[in-house]
Structure formats: structure tokens, C-alpha cells
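S.K.: sequence plus predicted model, see below.
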Amino acid sequence: MSQFGHIETGSRHDLRVGRSPDAPQADDLHDEDGAFGYVHSYETGSNYDGPGPRVLLFMSGCLLRCSYCHNPDTWHLKDGTYVSAQHVIDRLGGFVPALRSLNGGLTISGGEPMVQLGFTRRILAAAKQMGLHTAIETSGFLGDHADDRYLSCLDLVLLDIKSGDPETYRKATGRELAPTLRFAERLAAIGKPVWVRFTLVPGLTDDPANVEKIAQFLAPMKNVEWVEVQPFHQLGAFKWKAMKLEYKHANTPTPTPDLVNRVLEQFRAAGCRAR
Ligand code: SF4
């Protein structure tokens, strides 16, 4: 049994490993009940991950292996802290008056929130009951596993579409693109508000044809409120080194302003609201 812990405030950029050595593999977890789960950390005061100020909860567990991932210490459940959903909800409760007065809310990120569907659903449902706006940031890879009840707990989905070209997606993440596109189409069909996030990695995802595929896919979707272009950065590089992982982007530059503008304009030309 994992040691029972309490979640710590901090930053997504803090390295956290080895908190729950006997945790199962992320793809082996049975989380229907969701009373307990594995959490990396939480931040308060984010103004970026949804409308208004947010409490941001970082889950452990992810099935993708993005070559530029800023937080590889969220990949495995064993690196997270094992906590009860009630503990997280109690923590969140302390921020409710401030969040409500400023029209903020809760965003669950990761890692991948849908690895722990039962656990994150409990927290999202409790947040909604407390009158908070709710969001998850997800790759959508496990979208087929989220039932309608899960989606009903969400006011917004921050959907990371890491590439429009299936081959590039596979190269960047080690997984298939199709489940993400299926999830995007399902969200569009029910009119769920979505902000799409696209990480711009020079030499990997910046090919105009790759960007164009995402832009053309999203342009007809009225529920997509924003496409956000997120420039690659090196803030997570130290984690790869500390975890003795092979990091392919040591020499990858951050995108120039010209490149960022080119990609933004490409989305806008297709009819997307991009920033
Ligand atoms: S989906 Fe997110 S957490 Fe998972 S590997 Fe990719 S960047 Fe990292």
C-alpha cells in the first residue's frame, strides 16, 4: 500500500519523484471508485489555464511520452503522492470564496487527468457543487474512456493537439493521433467549450503542412474558443537530466517571434481565433 500523503503547493517546475514506489503502472490502474489517487502538486493563482484565477492540480500518470515534455516526473503514478479525493476537495474548499468572487475555478492538468478518471471526476464534481468553473487540460488520448457523466462535470476542456500529421504525432508522443481527433469531434458535437493548445517545437511540429492540418480540422468547430500556440521552452530540461532520461531537445531553440507569428497567422487564415 502506498504511503498516504498530503498534496503540496508548489510549482509544476519542481521535480518530484519516488513518492509512491508501489503504485501500479498508469495503464494498469483501476480507478472506477476514485476515492484515492496520485497527485504531483498544485499551484494557486494561475491566470492562464482557464478563465479567471485558477487552482491548478497536477495529476500523476500519462500514457504519452512527448519528446519535449516539460514534466516527465508526472508520467508515472509511482512518482506522485497518494492522497484521498476528500483531502484534495478539502484543500480546494479553502480557495472557493476567492475563486468565486473573481470568477475563477479549478483546472486539473498533469500528466493526464483521464488516467485517473474516477478520482478526477470526484474532484471536478465537488468543485462544481462548490460553484467553481471547472476545466481539465488533456491530450485527449483517453477521451473514449470518459463517459458523458464525466464530461458533464467540465465547463471547459484545454485540449492539447500536439500535431496534425499522424506520423509527426507518433514521433512526438509515441502514440496515435486518432483518439485525440475523435475526442475533439465528440466535444464539438455536444458544444463543449474548448481551448486547443498547440506546442510549437522548432524542427518537430513547426512544418506548415502539419500546422495546416490542425487549423483545417478546427476551423469549422464553433465550440473551439481559442487556439493557443505555446512556444517550446527548456524549463523542463533539468528534469530529464535528473531522471537520467534521454532528452532529444537539448539543442532545440525556443521559437523566434517570427515563427510564432507565422503559425498564429496560419491558424487565423483558416478561420480560428488564435493567440
Ligand atoms: S501529454 Fe503532457 S504530460 Fe504527457 S508526455 Fe506529453 S507533455 Fe508530458
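M.R.: That came through fine.
S.K.: when you work out contacts or count neighbours from here on, use the C-alpha atoms and nothing else.
M.R.: Will do.
S.K.: what's Trp195 sitting at in phi/psi?
M.R.: When quoted as degrees, to the nearest 10, the phi and psi of Trp195 stand at phi -110, psi 120.
S.K.: what is the burial count for it?
M.R.: Residue neighbour count, defined by other C-alpha atoms under 10 Å, stands at 21 for Trp195.
S.K.: show me which residues of the stretch 101-250 of the chain sit near the ligand.
M.R.: With the criterion set to C-alpha under 6 Å from any ligand atom, the stretch 101-250 of the chain comes near the ligand through Gly110, Gly111, Ser139.
S.K.: now those as TSV including pLDDT and secondary structure?
M.R.: Output for these, formatted as TSV (pLDDT from 0 to 100; DSSP: H, G, I helix; E, B strand; the rest coil):
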residue	pLDDT	secondary structure
Gly110	91	coil
Gly111	95	coil
Ser139	98	coil
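S.K.: in TSV: those, plus neighbour count.
M.R.: Compiled in TSV, those are given as follows (neighbours: other C-alpha atoms under 10 Å):
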residue	neighbour count
Gly110	29
Gly111	27
Ser139	29
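S.K.: possible to save those residues as JSON lines with distance to Thr254?
M.R.: Putting these into JSON lines (distance: C-alpha to C-alpha, whole Å) gives the following:
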{"residue": "Gly110", "distance to Thr254": "22"}
{"residue": "Gly111", "distance to Thr254": "22"}
{"residue": "Ser139", "distance to Thr254": "22"}
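S.K.: and the next element down the chain from the host helix or strand of Ala209?
M.R.: When elements are assigned from DSSP states H and E, Ala209 belongs to helix 208-218. Tracing the chain past helix 208-218, the next element assigned as helix or strand by DSSP H and E is strand 224-231.
S.K.: list the buried residues of that following strand.
M.R.: Applying a neighbour-count criterion of 16 or more other C-alpha atoms under 10 Å, the buried positions in strand 224-231 are Val224, Glu225, Trp226, Val227, Glu228, Val229, Pro231.
S.K.: not counting sequence-adjacent ones, nearest residue to Gln216?
M.R.: Counting by C-alpha to C-alpha, 6 or more residues apart in numbering, Ala270 is the residue found nearest to Gln216 once chain neighbours are left out, at 6.2 Å.
S.K.: close enough to count as contact, the one you found and Phe217?
M.R.: No. At 9.4 Å, Ala270 does not count as touching Phe217 under the criterion of C-alpha atoms under 8 Å.
S.K.: count the residues that sit near the closest residue to the ligand within the stretch 151-275 of the chain.
M.R.: Using C-alpha to the nearest ligand atom, Thr173 is the residue of the stretch 151-275 of the chain that sits closest to the ligand, at 6.4 Å. Other residues within reach of Thr173, judged by other C-alpha under 10 Å, total 18.
S.K.: can you give me the helices in the stretch 151-275 of the chain?
M.R.: For the stretch 151-275 of the chain, applying DSSP state H, counting those that start in this stretch gives helices covering 166-173, 178-190, 208-218, 237-242, 257-270.
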